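1. model the following, please.
(3 chains)
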Amino acid sequence: MSLKEFLLAVYERLLEFYGYQRWWPIDTSYHSRMDTDPRDEIIISAVLVQNTSWKNVEKALERMKRKGILSLDFVRKVDEKTLQELIRPAGFYRLKSHRLKEVAFFLNPTEKVSYVKRQELLKVRGIGKETADAILLYAGNRLNFVIDKYTHRLMERLYGLKGSYEDLKETFEKHLPKDVEIYKEFHALIDEHAKRFCKSTPLCGGCPVKEMCISADPSS
DNA sequence: CCCCAGGGACATT
DNA sequence: AATGTCCATGGG
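-> Numbers count the residues shown, from 1 in each chain, chains lettered A, B, ... in the order given. Next comes the predicted model:
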């Protein structure tokens, strides 16, 4: 089986097992009610979720909706101290309030997310490769595969596939169909699978891709 | 008590 | 290029 066939087979098996993940969750009724851009919610939460559980991000988003406005305009206008208190549950709150300001001024207007160059987005302080690719893919609907530590771990275990962030990103983008919906779902499925089975100490018993994994423990 | 979460910047080796 | 440290809240 070629790498191309392998990646697609893993994707289809994970999709079959877990179903559609539908990242990024968006409160569409909020944005139509408040006349705010849903892409703002994705951009803001992409920063908030850095090394943080989604659960804690949701708490911060709720506070922004309740005591502020969940939009990049609000982030630009609110004073940093207030912003810190709103996002506190997401952790690293002093760091992240500054990062939110940086990205909110850079992605102004929000429409810029659909044409800005990746290299330019990466110059924003606080926006690394994963956050940049997540913003481009999920908010910009652009063909940018997102790599994270789960992707590294899973691919090394499944196929012995190692490499830098850019190496892995190129591999996925070279072999997968050029389809943003597949990019979005596959990344989400990889994360879900890494959390449920392919943890730091893997739970190979019941793993949906055990049969295609070079390092699965056959006895478990 | 421990470890980890949908990372990134910066320093050190 | 690889590894270490800091940033912080919340849950298991």
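
2. how about the closest residue to DNA strand B within chain A: what's its closest non-neighbour residue?
-> Closest to DNA strand B within chain A is A:Gly128: 2.4 Å, counting by Cβ to the nearest atom of the strand. For the C-beta atoms, the positions are set from N, CA and C on the backbone; glycine is no exception. Spatial nearest neighbour of A:Gly128, chain neighbours left out: A:Leu122 (7.4 Å); criterion: Cβ to Cβ, 6 or more residues apart in numbering.

3. any idea how far A:Cys204 is from that neighbour?
-> 37 Å (Cβ to Cβ, to the nearest Å).

4. cool, and A:Pro218?
-> 8 Å.

5. which of those two has more neighbours?
-> Taking neighbours as other Cβ atoms under 10 Å, A:Pro218 and A:Cys204 compare with A:Cys204 leading, 17 against 8.

6. okay, now the closest residue to DNA strand C within chain A: neighbour count?
-> Taking Cβ to the nearest atom of the strand as the measure, chain A has A:Gly91 as its residue closest to DNA strand C, at 2.4 Å. Using other Cβ under 10 Å, A:Gly91 has 16 neighbouring residues.

7. surely it is in contact with A:Asn56?
-> Yes: if you go by Cβ atoms under 8 Å, A:Gly91 and A:Asn56 touch, sitting 6.1 Å apart.

8. domain assignment for chain A?
-> Domain assignment for chain A by automatic domain parsing gives A:3-21+A:144-212, A:36-139.

9. for these, which one ends up most surrounded?
-> domain A:36-139 (a mean of 18; mean count of other Cβ atoms under 10 Å).
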